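**Student:** Okay, predicted coordinates and the sequence, questions at the end:
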Amino acid sequence: MSKVKSEYLINRKDNQYEVVIGLEVHAQVTSESKLFSTSSTKFGAEPNTQVSLVDAAFPGMLPVINEFCVKQAIKTGIGLNAKINNRSVFDRKNYFYADLPQGYQISQFKDPIVGEGKVILDMPEGQKEIGIERLHLEQDAGKSIHDLDPQSTYVDLNRSGVALMEIVSKPDLRSPDEVSAYIKKLRSIMRYLGTCDGNMQEGSLRADVNVSVRAKGSKDLGTRCEIKNVNSIKFMQMAINYEANRQVDLIEEGKSIDQETRLFDTRKNETRSMRSKEDAHDYRYFPDPDLLPLEVSNEFINRLKSEIPELPDDKKKRFIKDFKVSPYEANILVSDIDTAKYFEEVVTKMGKNKDIKLAVNWITGELFAVLNDKNLEISQSPISSKNLAILINLIKNGTISGKIAKTVFEIMMDGDKDPQKIVEEKGLKQQSDPKALEALIDKIINDNRQKAIEYKQGKEKLFGFFVGQAMKASGGKANPQLINEILKKKL
Amino acid sequence: MSIDLKTIKHISKLSRISVDDQKAEKLAVDLNSIFKFIEKLNELNTDKVKPLTSVAETTLKLRSDEVKSKDIRNEIIKNSPQDNEDYFVVPKVIE
Amino acid sequence: MMSDITKQSLSELVKNIKEKKLSSKEITKAFIDRSQKSKELNVYISEDYSSALEKAKKFDEKPNLDLKLPGIPIAVKDLFCTKNVRTTAGSKILNNFVPTYESTVTQNIWNEGAILLGKLNCDEFAMGSSNETSFFGNVQNPIDKNLVPGGSSGGSASAVAGQLTPITIGTDTGGSIRQPASFTGIVGLKPTYGSCSRYGIVAFASSLDQAGPMAQNVKDCALLQEIISTYDSKDSTSIDFKRNEYSKELTKNIKGKKIGIPKEYRVDGMPKEIEELWQKGIQYAKDCGAEIIDITLPHTSYALPTYYIVAPAEASSNLARYDGVKYGFRAKGENLIDMYEKTRSEGFGAEVQRRIMIGTYVLSSGYYDAYYLKAQRVRKLIKNDFDEVFKKVDAILTPSTPSSAFKIGEKKDDPVSMYLNDIFTVPVNLAGLPGISIPAGHDLKGYPLGLQIIGKAFDEQNILNIAYAMEEKIGFKNKINDWWIK
C-alpha cells in the first residue's frame, strides 16, 4: 500500500492553504416511536399520519422520553469510544419555523448525554484519529414543502419529534476524502450497533459542515463557515471544495471571511450565505422545565456495554489474524455490517477445507459487481451465502474450473439455484480423468505435428496454443491443471 | 441599566410579535419599571449557589419504545386555520 | 327548595344525592338557573348547560352512588383542556380552539361522576392577579360590584363564592388559586409541585404551574384534592408518592403541631387589618393546641423578582406554539414571518405580550447569566430557606395577600403594583410547596381576608388538618347579598 501522504492543499501563487473541517452529523435514531411521543417513526407514510398531539404541540401536551432512544445514544457513544455522562439535561432551543410546532426544539446544550470520544479512519497513507467532541439527543423537525403551491408552504409533521443524535467532531478533518471516510466510518459503526440505519437518501444521516482555511503550517484556526444540512457524501465533498476555495480567494484578495451559515446549492455547485434570514439567531437555550435531568447509572451503562457487538475495528483485526486477509481486504469486508455478515456466513458454510482467499475474491469481485450493476444491497443479494460457499467449494475441490464457475454463477442469479445441481444438470463437471484427457491430447498433438516440432525446437509460446486446443476440444470442461501436466509430459 | 427602543424592537423580533413605535415606547416604560424591581436580585452574591431548575427532586422516568399514537390526522388538522385535508398550510416561507 | 340547593356545600350535595333526596338533574338545573341569572359576574367563557343536563339525566337513570362526585355539576377554569368543549385560556389566540382530548385532572373528576357545567373565565394564559387580562372581559367579585375577584383563577373563585358551582379547580403559578380564594372568601389549595398532573393544562410556567381545588370549605377542598391528585406517566414532572385519602384522614386534632411565623412577611405598607388578621390567626392556631414558633425566611423579598424572571422566561417559550399554524387564531400575513408577527400581536393581549418580552429578554444572549441563571440561583436560596425552617416546624402561617380585593381598573396600568399582590404566595410556588388559603376575616369594608398555611412538600394532609381546625375556630361567613341578581 502506498505510504505517500496525499495532502489536500489549496494552492495560490506562492501560498498554500490547509483546510480545517469539523462535522455535525445528524443521525436519526433507529426506534419504533419518537423521542418524546408514541407516534411511529416509519419513513414514507402519508403526510401527517404519524403525528400525535405532542408532536403537533397542542396546548397542554407534554414530552415523555423514550428509553430505547436513550439506550441507542449511549450505545453509539460506546461505539465512538466516548465518555457516557451519568447526568445530562434537555434544553429548549427557541426559534420559530413552520415545521417546528413547539416553537422550540428539545435538544441538549450544556450537558449532553455523551462526551468526548474518537474514531479511527483508514486512509491510504495510514490510520488517522478523529476526535469526537460530543453526542447529544434532540428532536427532528417536520418538513416544509415549498413547491406544492405558489403562495403557500405545506407542512408535514411526520418527522417532527423523531429522535436524532447530533455527533459533533473536533476540527480534525483536513480533506474531502477524510470527510468521506469519516462519514462512512460513523455510518458503519452505527449500522453495526443498529442505532441508525445510515440511509442518506431518506435523510437518516445528514451533516452540517464547518469549513475554515489557514496557511499551511499555521496552528491558528481561521474564521469558519457552517454549511447547513448536506445530505450526501458527494455533496459534502463538493461543498467543502467550493467553500475552501471561496475562502482562500477572499484571503488572497485581502478580504475577511464572515462567520456565517451557508447553504449548498446542489444545482449550481456553490455555497451561498443564508444571512437573508435576518439577524443572527439567538436561540435562548434554557433547561426544558417539562423534563427533569436524565440520569443513567453505571450499571445501566455497563449492561449496554455488554450488549455491544464486535465493531468494525475489532472485526478487522480478527479477520486479518484468523483469515489471513490483507488489511485492505479486511477494510472492504468489515466496512458494512451486512458484507461482514455475508462473508462470515460463506466462511462458515464452506466447511473444513475452505479457501478464504477464493471467497474474498468472489465476494469483492463477482458478487460486488453484480450488486453494483443491479443497485442492490448485499442483504438483498440474489445469491445466498450458502450457495456461494458451495460454488467456491466446487472450484476448490476441482469439480469445476474458475471459468466454468463464472457460467454457473450467472445461472445461480436466477432464483438462487444450487450450483451443485446446475453443474449436474448442465453437465459442467470438470474432466479430470487422466486417461480420457491423454487420449484427447494425443489426438491434438497428432493433428498439429508441425507445431509440436516447433515447440520442441524452442518455440515455447506454442504451449499455450496446445492448452487452448485441449480446452476447446473438451468444451472448456477439462481440468486445466491436468492438461498442463499431460501436455508437458507428451510434448 | 435601561431597555431602549432598539432593544425592544430586537426582542419583539425574537418573540415574533410586531411592535410599532407607539407600542414600543409603552413597552419600554413598563419593562424598565419591571426590571428596576428585578434588579433587587443584584444585592445577593450567588456565585456559590447551584441554580435550581426544578423543585421535583426526582429524575426523568423513561417510557418504553412502543407506538401507541394512531393516525389522527383528521383530529390534528381539524383546528388548523387553513383548510387542507393532508397538510398544515402557511403563507410562503421567504428564505 | 331549589334556591337552597346552590347554597349547599359539596359534602351536603353528595349526601343528598346518596340519600336520594336530590337528583343530579335537580342540582344541575339549580346551578344552571343561578348561573343564568348571574351573567353580570361574567364568570363563564363557555357554557355547556344542555350537555350538562343530558349527562345529569343519564346519571339519574343509572346512578352510581359509590362515586365521590356522583352527578355533581362542576364548572372548571378555562385553562383545562376539555374534550369537544372550547378551551381558550382566556385568550383571543385560542378563541376558536376545541380540544380533542381531556386534561388528566378534569378526567379524574369526570371519572368520579362529576358533570361539566362550563368553562370559567381567567386571566389570559393565567397571567394576572385580577382577571382583567382576559380576552373575555373582567369578572365581577360577588362580594361587591366593580371589585376584582383576584386572578388568575378569578372566574373560578367568583363562581364558587357566588354559588354558581359547588366546587371548582383552578391553577396556581404564583398565587392564582390562593389570592382569588382570599379575595372572594373561599378555600383554595395549591398542591405540592408534581402532585397534580399538568397533562392537558394550557401551560404558563411549567416549573411552577399546579392545578388545585377551590371550595367553600376545607372538607370539600380535601375531597377534591384527593380526586385530582394522581400520578400520571404522561407528565414527566408528575411525582409518584403515596397520596393520602385527604378527606377521610382529615382531622381537627392539631395538638402539638409546630407552626412557624416568618417575620419577613411583615412588609412595609401592609394594612393594619392584615397584621391584625394574622395575629388573630396565630391566636386561633394556639387555641387549637398548636405551638407557635418565630422563624425567618431571609430571602422572601427576593421571591417576586425571581418569579418575574423565571415565569416569563418559561412562558415566552411555552407560548411560542401559538403561532397561527396548527390551531387557534391566525392573522393574514404576506409571508410566514409576517403572519407570525401579526397573529401574535393581535392574538395575545398586552400583559401576555409584556411577559413574553420579559421572558425573551432574560433568556437572550448576553443576559441569560445576569437574569435567568441568577434567578435560578436565588430560587435555590429561597427553597433552602424553607428546607431549613421545615426542620423546625410542621407548617407556616402567613397572610394570603397584602391587601383585600381592589377595584376593577385600580392597578391595571401599573404592572409592578399588580405583581405585588402575589408577594406572599409566590415563594411557595418557587419552592414547590403546598399552600392553602382559608378565609379568616373581613376588613373594614367587609371584604374577605385570607390566611395562608404553607406545608412541607407532599404534606397536604397536615395543612388541610390545620386549616380544618382553624376554620372551625374562625367561623367565617361570607357577606354576599346577591347584588347582581335582579
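**Tutor:** Cool, got the structure.
**Student:** how about the residues of the stretch 101-250 of chain A near chain B?
**Tutor:** A:144-146, A:148-157 (Cβ under 8 Å from any Cβ of the partner chain). Every C-beta, even on glycine, is put in place using the N, C-alpha and C of the backbone.
**Student:** Buried by neighbour count, from these: which ones?
**Tutor:** For these, a burial check counting by 16 or more other Cβ atoms under 10 Å in any protein chain shown picks out A:144-145, A:152-157.
**Student:** Show me the residues of the stretch 101-250 of chain A next to chain B that map onto helices.
**Tutor:** Using DSSP state H, no member of those falls in helices.
**Student:** Which pair in those has the greatest spatial separation?
**Tutor:** Spatially, the most separated pair among these is A:P150 and A:L157, at 22.3 Å (Cβ to Cβ).
**Student:** Would the helix ranked longest in chain B count as contacting chain C?
**Tutor:** As assigned by DSSP H, the longest helix anywhere in chain B is helix B:21-38. Yes - using Cβ under 8 Å from any Cβ, helix B:21-38 reaches chain C at B:27, B:30-31, B:33-34, B:37-38.
**Student:** Report the separation between the spatially most distant residue from the centre of chain B and C:D287.
**Tutor:** Residue farthest from the centre of chain B, counting by Cα atoms, centre = their mean, is B:E66 at 30.5 Å. From B:E66 across to C:D287, the span is 56 Å (Cβ to Cβ, to the nearest Å).
**Student:** again, but for A:I301
**Tutor:** Distance from A:I301 to C:D287, counting by Cβ to Cβ: 58 Å.
**Student:** So which of those two has more stuff around it?
**Tutor:** Taking neighbours as other Cβ atoms under 10 Å in any protein chain shown, A:I301 and C:D287 compare with A:I301 leading, 18 against 11.
**Student:** Return the residues of the stretch 201-350 of chain C in contact with chain B.
**Tutor:** C:207, C:233, C:236-237, C:239, C:299, C:301-302, C:304-306, C:308-309, C:316, C:320, C:323-330, C:333-342, C:344-345, C:348.
**Student:** picking up where we left off before, verify the assumption that the residue farthest from the centre of chain B is located in a strand.
**Tutor:** No - when classified by DSSP: H, G, I helix; E, B strand; the rest coil, B:E66 is found to be coil rather than part of a strand.
**Student:** Pretty sure it sits against A:S33.
**Tutor:** Yes - proximity of B:E66 to A:S33 meets the contact threshold set by Cβ atoms under 8 Å, at 6.1 Å.
**Student:** Output the set of residues of the stretch 251-400 of chain C in proximity to chain A.
**Tutor:** Within the stretch 251-400 of chain C, the positions adjacent to chain A are C:313-314, C:316-317, C:319-321, C:323, C:325-327, C:336-337, C:340, C:360, C:363-365, C:368, C:372 by Cβ under 8 Å from any Cβ.
**Student:** which of those are buried?
**Tutor:** Using 16+ other Cβ under 10 Å, the buried ones in these are C:313-314, C:316-317, C:319-321, C:323, C:325-327, C:336-337, C:340, C:360, C:363-364, C:368, C:372.
**Student:** A:K42: neighbouring residues, count only.
**Tutor:** When neighbours are counted by other Cβ under 10 Å, A:K42 registers 12.
**Student:** so which strand or helix has it?
**Tutor:** If you go by DSSP states H and E, A:K42 is not part of any helix or strand.
**Student:** just A:R206 next, same as before
**Tutor:** strand A:205-215.
**Student:** swap in C:I292?
**Tutor:** Assigned by DSSP H and E, C:I292 falls in strand C:291-295.
**Student:** my guess is C:I5 meets C:E26, correct?
**Tutor:** Yes - the pair C:I5 / C:E26 is scored as a contact, 6.7 Å apart, by Cβ under 8 Å.
**Student:** what about these two, which has more around it?
**Tutor:** C:I5 (21 against 17).
**Student:** check contacts around B:E75.
**Tutor:** The contact partners of B:E75, taken as Cβ atoms under 8 Å, 6 or more residues apart in numbering or on different chains, are A:53, C:100.
**Student:** Mind doing that once more with 7 Å?
**Tutor:** Contact analysis of B:E75 by Cβ atoms under 7 Å, 6 or more residues apart in numbering or on different chains lists C:T100.
**Student:** On the three-state scheme, it is what?
**Tutor:** Following three-state DSSP, B:E75 is assigned to helix.
**Student:** same thing with C:D66?
**Tutor:** With three-state DSSP as the basis, C:D66 sits in coil.
**Student:** Low-confidence ranges, the chain, go.
**Tutor:** Answering for chain A, as no chain was given. Applying pLDDT under 70 to chain A flags residues A:1-6, A:275-280.
**Student:** nope, chain B please
**Tutor:** Low-confidence segments of chain B (pLDDT under 70): B:1, B:95.
**Student:** okay, which residue is most central for it?
**Tutor:** Note on chain B: the residue nearest the mean C-alpha position is B:S15, at 6.8 Å, using Cα atoms, centre = their mean.
**Student:** Can you list phi and psi of it for me?
**Tutor:** phi -80, psi -10 (degrees, to the nearest 10).
**Student:** same thing with A:Y342?
**Tutor:** In terms of degrees, to the nearest 10, the main-chain angles of A:Y342 are phi -60, psi -50.
**Student:** my guess is it contacts A:N387, does it?
**Tutor:** No - judged on Cβ atoms under 7 Å, A:Y342 makes no contact with A:N387 at a distance of 11.8 Å.
**Student:** Which strands and helices lie in contact with the strand holding A:R206?
**Tutor:** Applying 3 or more Cβ pairs under 7 Å, 6 or more residues apart in numbering or on different chains; DSSP states H and E, we find strand A:205-215 packed against strand A:15-28, strand A:225-230, helix A:233-252.
**Student:** Just want the angle from that strand to helix A:233-252.
**Tutor:** Here strand A:205-215 runs at an angle of 30 degrees relative to helix A:233-252 (axes from the mean of the first three to the mean of the last three Cα atoms, to 10 degrees).
**Student:** which residues of chain C fall in strands?
**Tutor:** With strands called from DSSP state E, chain C shows them at C:44-47, C:73-77, C:115-120, C:167-172, C:187-190, C:210-215, C:258-262, C:291-295, C:395-399, C:435-442, C:448-455.
**Student:** before we move on, what about the stretch 51-200 of chain A?
**Tutor:** For the stretch 51-200 of chain A, the strands defined by DSSP state E, counting those that start in this stretch occupy A:87-88, A:91-94, A:104-107, A:117-123, A:126-139, A:143-145, A:152-156, A:163-169.
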